[in-house]
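1. Here is the input, now give the coordinates:
(chains A and B)
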Protein chains: 2
Amino acid sequence: MKKIINDPSKVVDEALAGMAAAHADLIRVSYDPHYIVRAEPPRSGKVGILSGGGSGHEPMHGGFVGFGMLDAACPGAVFTSPTPDQVIDATKAIDGGAGVLHIVKNYTGDVLNFETAAELALAEGISVEAVVIDDDVAVKDSLFTAGRRGVGGTVLAEKIVGAAAEAGADLAAVKALCERVNASVRSMGMALTSCTVPHAGKPTFSLGESEMEIGIGIHGEPGRERMPLEPANAIVERLLGPIVEDLPFASGDQVLLFVNGMGGTPLIELYLAYGHAEHVLAERGITVQRRLVGNYITSLEMQGMSITLLKLDDELVSLWDAPVQTAALRWGR
Amino acid sequence: MKKIINDPSKVVDEALAGMAAAHADLIRVSYDPHYIVRAEPPRSGKVGILSGGGSGHEPMHGGFVGFGMLDAACPGAVFTSPTPDQVIDATKAIDGGAGVLHIVKNYTGDVLNFETAAELALAEGISVEAVVIDDDVAVKDSLFTAGRRGVGGTVLAEKIVGAAAEAGADLAAVKALCERVNASVRSMGMALTSCTVPHAGKPTFSLGESEMEIGIGIHGEPGRERMPLEPANAIVERLLGPIVEDLPFASGDQVLLFVNGMGGTPLIELYLAYGHAEHVLAERGITVQRRLVGNYITSLEMQGMSITLLKLDDELVSLWDAPVQTAALRWGR
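-> Now for the predicted structure:
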């Protein structure tokens, strides 16, 4: 295992310490239990937005804590759900009296632990609502889920819902908005290589020298099929086809196109894929009105990418364009 | 070779097309010859800032074209110097009558081709000055250089000089500023893995399963030594020691600490390294006043990192903090 780490059992603690030092103007880190909150205290009357999940998907979620996006992130161990005590403590830390929305990726452990935390928070008088993101069209159920997995759509939901909360929307409104984003977003990923979880010490799976996995999960869990490597354009079409047909996205739609790197893929390849994806959508009469290209929801050093499509309307565009200032996502179209 | 590409000979063209589509609000791309300029025409009286070099180091330089940073970038083939015609055409495209500064990384081909272009531009009546960045303390000469290589310091120089040009500094002033940044910045890198140049089709070099290369160049060219993999803290100290002793940086100094990923290293490892680097500097009495953590000057999918240290003063801090809006570097501390 080749990694720039000291001790596999300390990776998350030490990375959080580095993040806290690097972004002291934006965030504060709690170590027992682990959570990241904004540097400034909660604003009275603002709905708190909280997400979390296993570490190893950086910059998600900690890199999204800041003005216009998340109020708190709860990082679990690598590829492991955060515990209820993390979520409950972070929920309390960000409650400004208007309640807290939990944005949860659909993995069995995450859903269970967030539910437990929400019940405990409610018992302490904090209004909590939760929305489960399940945008991955690759598989119906998987190793870690009942139903579809939550992947790239989570990044977009966090940005859009964060903007609405910043603008003063109440808990019912941000919950409804998050549900609407989830209903309008679809994703699928693929991998050229595996990744290695630090405490496992060996690759999660293996792929032959000329194989790829279509429909991969963000923990390296199996996708739809393992097949011979193809040119980029064919890969883009393999991902976009099922995404477009699932919602379905139709001619005349305005969309946000998000080409996401799995962590180990050069930006030059992501831009190349983006170019073809926009072209394929144009041929179907679908207009890319906003876009995001880069490594935002990753699987450690995995080489691969995912594509996410969100159907836009004027309200979503306006919330996407609203100012944001976090370690990973800053203002810009 | 596992890459998300179509044809190795078309990687740069197709990636540029994707970039142009993704960032139409910021940039325009010329394909014959290749260069990237800001979407808006040159501002009369503003010094143009131009850089360039081989592709494969994304987001550098094209990702740095925009308000407050570069006016143009000239991408060569992967790991290959841009040609003089690229540089001359881009120079003409951005000249607003106040001249153009070329920021050149110290590689023999780059220096030669930028010199040729500068002579041709001068012959056509455009004032051109050039500053060669050579901040890599790893080796004195290398496969591709006489003298030290230009690496991470280039990113910082482009941000700071770009801010000064935006604020109205004249050509002599931006040149002097760029020379001052180069005189105050030092870097060193390391690799855990090689990278594969698309048209080569096989890894540039090979490293054993438990080996690393200290002092690696951004094209995979040899560094100081190949040695057994060590814990992250030891790696950080191996890079920081020679950097600090070279300038030298001394107790009482205020610095910008830049921990850069080589492309294939997870952000979690970069933050972990950043945390220890800040700690080591604090022990030497050196204060980190500004910082940058992420993948900004890469070597395709190489796993590894580099550390760059820039000695700050009030003027440099103010220029670092000035607004910037590019595909890769946006406002934020």
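2. dump the residue contacts of A:A165.
-> Shown in contact with A:A165 (C-beta atoms under 8 Å, 6 or more residues apart in numbering or on different chains): A:46-49, A:71, A:101, A:174. In this view, the C-beta of every residue, glycine as well, is placed from N, C-alpha and C.
3. That one - that's part of a strand, no?
-> No. Secondary structure of A:A165 (DSSP: H, G, I helix; E, B strand; the rest coil): helix, not part of a strand.
4. hmm, back to that, which of the contacts of A:A165 fall in helices?
-> With DSSP state H as the criterion, helices contain A:V174 from among these.
5. Let me know the closest of the contacts of A:A165 to chain B.
-> Among the contacts of A:A165, A:D71 lies closest to chain B (C-beta to the nearest C-beta), at 18.0 Å.
6. So that closest one versus A:T145, what's the distance?
-> A:D71 is 26 Å from A:T145, where distance means C-beta to C-beta, to the nearest Å.
7. ok, those two, which is more surrounded?
-> Comparing A:D71 with A:T145 by neighbour count (other C-beta atoms under 10 Å in any protein chain shown), the higher total belongs to A:D71, at 30 against 22.
8. all strands of chain A, in order?
-> Using DSSP state E, the strands of chain A run over residues A:27-31, A:34-38, A:48-55, A:66-67, A:72-78, A:100-105, A:128-133, A:185-191, A:211-214, A:225-228, A:254-261, A:287-294, A:304-311, A:325-326.
9. and the fourth one, which strands flank it?
-> Read it as strand A:66-67. Here strand A:66-67 has these sheet partners by DSSP bridges: strand A:325-326 (antiparallel).
10. For the stretch 151-300 of chain A, give the residue positioned nearest to chain B.
-> Counting by C-beta to the nearest C-beta, the stretch 151-300 of chain A gets nearest chain B through A:G275, at 3.0 Å.
11. mind listing what that residue touches?
-> Applying C-beta under 8 Å, 6+ apart, the residues near A:G275 are B:14-15, B:17-22.
12. what's the answer for A:T287, then?
-> A:253-255, A:281.
13. Give me the pLDDT for it.
-> We have a pLDDT of 98 for A:T287.
14. OK, now which residue of the stretch 1-150 of chain A is nearest to chain B?
-> Proximity of the stretch 1-150 of chain A to chain B (C-beta to the nearest C-beta) peaks at A:G18, 3.0 Å away.
15. Isn't that residue up against B:H279?
-> No. The pair A:G18 / B:H279 is not scored as a contact, 9.4 Å apart, by C-beta atoms under 8 Å.
16. Between the two, point out the one with more neighbours.
-> A:G18 (28 against 15).
17. Neighbours of the residue lying closest to A:L329 once chain neighbours are set aside, how many?
-> What sits nearest to A:L329 in space, not counting adjacent residues and going by C-beta to C-beta, 6 or more residues apart in numbering or on different chains, is A:F64, at 6.0 Å. The number of residues packed near A:F64 is 27, by other C-beta under 10 Å.
18. Tell me how far the nearest residue to A:E129 once chain neighbours are set aside lies from A:V47.
-> Leaving aside its chain neighbours, A:E129 sits nearest to A:K175 (4.4 Å; criterion: C-beta to C-beta, 6+ apart). Distance of A:K175 to A:V47, given as C-beta to C-beta: 9 Å.
19. Between these two, which contacts overlap?
-> Shared between the contact lists of A:K175 and A:V47 (criterion: C-beta under 8 Å, 6+ apart) are residues A:L101.
20. neighbour count winner among these two?
-> Remark: of A:K175 and A:V47, A:V47 carries more neighbours, 30 against 20, as counted by other C-beta under 10 Å.
21. A:Y31: neighbour count?
-> 11.
22. per-residue confidence at the spatially closest residue to it that is not a sequence neighbour?
-> Counting by C-beta to C-beta, 6+ apart, the nearest residue to A:Y31 once its immediate chain neighbours are dropped is A:D13, at 6.5 Å. If you check A:D13, the pLDDT there is 98.
23. A:D13: neighbour count?
-> A:D13: 16 surrounding residues under other C-beta under 10 Å.
24. In contact with the residue nearest to A:I307 when sequence neighbours are not counted, which residues?
-> Computed as C-beta to C-beta, 6+ apart, the closest residue to A:I307 that is not its neighbour in sequence is A:L239, at 4.6 Å. Contacts for A:L239 (C-beta under 8 Å, 6+ apart) come out as A:188-190, A:214, A:306-307.
25. Top of those by number of neighbours, please.
-> A:S306 (30 neighbours).
26. Am I right that it is in contact with A:S299?
-> No. With contacts counted by C-beta under 8 Å, A:S306 stays clear of A:S299, the gap being 9.5 Å.
27. which residues are common contacts for these two?
-> Common neighbours of A:S306 and A:S299 (C-beta under 8 Å, 6+ apart) are A:218, A:262.
28. and the stretch 51-200 of chain A, which of its residues are near chain B?
-> The stretch 51-200 of chain A comes close to chain B at residues A:55-56, A:58-59, A:63, A:192-193, as judged by C-beta under 8 Å from any C-beta of the partner chain.
29. Mind doing that once more with 10 Å?
-> Counting by C-beta under 10 Å from any C-beta of the partner chain, the stretch 51-200 of chain A comes close to chain B at A:55-60, A:62-63, A:66, A:75, A:78, A:190-193, A:195, A:198.
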